[in-house]
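Undergrad: no sequence for this one, just the structure:
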C-alpha cells in the first residue's frame, strides 16, 4: 500500500536549503520515494491553511518512510538544513 510523506518548510536560507534538497531527494529515491507534488500551492476549500507550499512524496509503504527517516545515513543530510529552515513533516498510509 503506498504511503505519503508531506513536508512544509519555512525557509530562512534558500542557498543552504537548496543543498539539503539536492542531497535529500536522491536519498529519498533510494528508499523508493518519488516526488508526487513540489511547491504545490494549497487551495483551501474549508478551514485554515498557513499558505506555505507543500512537497509530497509517495513511498511504497510506511515502512519505507520510517526506514528513510530513521536511517543513520540521513543524519548528515538532515544537518544540512540546520539554520536554513524549520519544517513540519507528516506521513500517512494510502488506501
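TA: Sure, I can see it. Bear in mind the structure is a predicted one, so any value in this text is a computation, not a measurement.
Undergrad: average pLDDT for stretch 6-25?
TA: Throughout stretch 6-25, pLDDT has a mean value of 95.
Undergrad: So what touches the helix or strand where residue 91 lies?
TA: In this assignment (DSSP states H and E), residue 91 forms part of strand 85-93. Strand 85-93 is contacted by residues 1-13, 17, 20, 61-62, 65, 69, 81 when judged by CB atoms under 8 Å, 6 or more residues apart in numbering. To be clear about C-beta, it is placed using only N, CA and C from the backbone, and glycine gets the same treatment.
Undergrad: Please, where are all the strands along the chain?
TA: 3-11, 34-40, 54-59, 85-93 (DSSP state E).
Undergrad: Now do the strand holding residue 91 against strand 54-59, angle only.
TA: 40 degrees (axes from the mean of the first three to the mean of the last three CA atoms, to 10 degrees).
Undergrad: List the buried residues for the longest helix that the chain contains?
TA: In terms of residue count, the longest helix belonging to the chain (DSSP state H) is helix 14-29. Within helix 14-29, the residues scored as buried using 16 or more other CB atoms under 10 Å are 17, 20-21, 23-24, 28.
Undergrad: repeat for stretch 57-71
TA: 57-59, 62, 64-65, 68.
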